[in-house]
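Participant: fold the stuff below for me.
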Amino acid sequence: MSEEQQQAVAIPAAAASAQTMGDLLGTGVEIKVLKQGDMVEGTLLSVGKNEVYVDLEGYGVGVVRGRELYDDEATLSALKPGDKIFVSVVEPENKEGIAELSLRQAGQERVWQTLKDKMESKEVVRTKVLEANKGGLMVEINNVPGFLPVSQLSLEHYPRVEDGDKNRILGVLQSYVGQLFDVQIITADSAEEKLIVSEKAVFEKEMENRLGALKIGQVVEGTITGVVDFGAFVKFGDLEGLVHISELAWQRIENPKDIVRVGQKVTAKVISIDKGRVSLSIKQLQEDPWLEAVKKYQIGQSVTGKITKVMPFGVFVELDKDIQGLAHVMELSHDAVKNPEDIVKPGDEKEFKIISIEPAEHRLGLSLKAMQPAPAKTETKAEEKEEKVSEEKTEVTE
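Facilitator: Predicted coordinates for the structure are as follows:
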């Protein structure tokens with residue numbers, strides 16, 4: 001289309017938009033009012049070097065020009081008069097009485113609207129992992145950068161790293177760069193340009209169905225898939241659960257690696273199902289040794305134990321492979337003790353007296369000082385002063 005033809009189309013349209021409000025009311029046409037930021041659909045009237053006119057049905061005519069025009073040259077080159085396009089309102093009415101429009105802003109808004117639609121419909125989107133950081137993975141959907149947090153990874157990709165070492169976690173995450181992940185959008189905020197996705201959400205429905213068949217108290221056979229400082233992950237069938245460190249064994253555990261290892265076959269009991277997380281227990285399928293402690297140990301009994309840990313409040317003592325007792329700091333010596341390590345050290349074997357047994361609470365109290373004779377009672381300064389005053393009174397009387 002020649003420049004003259006473009007002007008021939010644009011001028012009548014602009015003139016039509018310049019009708020007075022009274023003229024429009026007289027025709028009975030429905031009057032619509034544009035607002036800044038509105039996104040509306042229009043028909044392309046003309047494409048010039050400096051201006052593009054758009055017919056906004058029910059509103060009049062708008063124009064795209066200046067920076068808004070140059071930023072969208074690639075988009076405009078594929079358009080022709082008569083095409084339907086979406087535009088965003090930059091200024092509802094300029095001095096010429098027509099709306100100033102933006103194709104670029106409309107494009108961005110349409111992209112975010114598309115992302116929001118995908119979020120609401122819970123559509124599964126395949127995306128490539130672009131980068132990794134200690135918090136998760138960077139992805140991209142519809143040319144918008146997004147973030148996949150570690151907490152939103154599937155069981156298959158969740159990094160199980162001993163001691164929660166962040167550098168080792170990063171190493172696992174970096175191994176996913178370049179891979180394709182199926183995700184769902186869980187946050188699409190255009191105002192803050194925040195796009196967050198979840199891989200875990202893709203499997204939630206399927207996981208709910210599987211969990212629905214699982215019952216509290218059910219016994220499952222599984223394999224240890226990961227050992228961390230707070231417990232061990234166990235895969236059983238298509239599901240996975242966590243055995244917390246406190247549920248690995250009845251005895252006190254410093255490091256789960258001392259009890260289980262990756263690849264080990266175990267039998268566990270389902271003790272909790274909460275928000276898609278399964279908690280398991282290995283120890284609850286074993287006989288509680290503390291129930292036998294009442295028969296094996298009695299209050300007042302002297303026992304030999306090995307110091308396993310020294311704490312400011314006292315020391316832990318291993319009596320056998322299942323039972324540990326605690327000697328409070330006040331039970332270590334007849335004298336005041338500031339630092340228990342001044343009395344005993346880890347690895348020491350000492351003879352203690354049992355002073356309390358609470359099998360239900362898994363507590364056994366020990367005393368080291370009870371094995372030693374109490375020191376002879378010495379007079380206090382107050383007693384010495386009182387005796388001296390008494391003697392002085394006797395001398396005066398005499």
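
Participant: strand partners (parallel or antiparallel) of the one helix or strand residue 366 maps to?
Facilitator: Mapping residue 366 onto the secondary structure by DSSP states H and E places it in strand 363-367. In its sheet, strand 363-367 lies beside strand 324-328 (parallel), strand 349-358 (antiparallel), with partners assigned from DSSP bridges.

Participant: which among those strands is found nearest to residue 285?
Facilitator: Each of the strands paired with strand 363-367 has some distance to residue 285 by CB to CB; the shortest is strand 324-328, at 21.0 Å. Placement of C-beta: from N, CA and C, glycine included.

Participant: ok, residues contacting that closest one?
Facilitator: Under the criterion CB atoms under 8 Å, 6 or more residues apart in numbering, residues 251-252, 305, 308, 313-319, 352, 354, 363-368 lie in contact with strand 324-328.

Participant: how about the helices in the stretch 251-398 of the chain?
Facilitator: Shown for the stretch 251-398 of the chain, the helices assigned by DSSP state H, counting those that start in this stretch span residues 290-296, 381-397.

Participant: confidence-wise, which of these is weakest overall?
Facilitator: When these are compared on mean pLDDT, helix 381-397 scores lowest, with a mean of 55.

Participant: with adjacent residues omitted, what lies nearest to residue 161?
Facilitator: In space, residue 161 comes closest to residue 168 once its chain neighbours are excluded; the distance is 4.5 Å by CB to CB, 6 or more residues apart in numbering.

Participant: give me the neighbour count for the one you found.
Facilitator: Residue 168 sits with 13 neighbouring residues when counted by other CB atoms under 10 Å.

Participant: is it true that it lies in a strand?
Facilitator: No. Note on residue 168: no strand contains this position according to DSSP: H, G, I helix; E, B strand; the rest coil, which reports helix.

Participant: touching, it and residue 160? I think so.
Facilitator: No. Here residue 168 does not reach residue 160: they are 10.0 Å apart, not a contact under CB atoms under 8 Å.

Participant: all helices of the stretch 101-250 of the chain, in order?
Facilitator: Listed in chain order, the helices found in the stretch 101-250 of the chain under DSSP H, counting those that start in this stretch are 103-121, 166-174, 204-212.

Participant: helices or strands up against the second one?
Facilitator: The helices and strands touching helix 166-174, judged by 3 or more CB pairs under 8 Å, 6 or more residues apart in numbering; DSSP states H and E, are strand 131-133.

Participant: show me what the strand it packs on is packed against.
Facilitator: Strand 131-133 packs on strand 136-141, helix 166-174, going by 3+ CB pairs under 8 Å, 6+ apart.

Participant: C-alpha coordinates for the shortest one, CSV please?
Facilitator: In this case it means strand 136-141. These are the backbone C-alpha positions of strand 136-141, laid out as CSV (Å, rounded to 0.1, in the frame of the first residue of the first chain):
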residue,chain,number,x,y,z
GLY,A,136,16.9,-23.9,42.9
LEU,A,137,16.8,-23.8,39.1
MET,A,138,16.2,-21.1,36.5
VAL,A,139,13.9,-21.9,33.7
GLU,A,140,12.1,-20.0,30.9
ILE,A,141,8.4,-20.1,29.7
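
Participant: walk me through which strands that strand pairs with, and which way each runs.
Facilitator: The pairing partners recorded for strand 136-141 under DSSP bridges are strand 131-133 (antiparallel), strand 144-149 (antiparallel).

Participant: closest to residue 116 out of the ones you listed?
Facilitator: Where the strands paired with strand 136-141 are weighed against each other on CB to CB, the nearest is strand 144-149, at 11.4 Å.

Participant: what comes up buried for the closest one?
Facilitator: 144, 146-148 (16 or more other CB atoms under 10 Å).

Participant: swap in stretch 184-191?
Facilitator: When neighbours are counted by 16+ other CB under 10 Å, the buried residues of stretch 184-191 are found to be 184-186, 188.

Participant: any chance of the residues you listed in JSON lines, plus distance to residue 96 and pLDDT?
Facilitator: Below are the buried residues of stretch 184-191 laid out as JSON lines (distance: CB to CB, whole Å; pLDDT from 0 to 100):
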{"residue": "184", "distance to residue 96": "47", "pLDDT": "94"}
{"residue": "185", "distance to residue 96": "41", "pLDDT": "94"}
{"residue": "186", "distance to residue 96": "45", "pLDDT": "94"}
{"residue": "188", "distance to residue 96": "37", "pLDDT": "92"}
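
Participant: can you tell me which of the helices and strands packed on strand 131-133 is packed in deepest?
Facilitator: Per residue and on average, the most neighbours among the helices and strands packed on strand 131-133 fall to strand 136-141, with a mean of 20 (mean count of other CB atoms under 10 Å).
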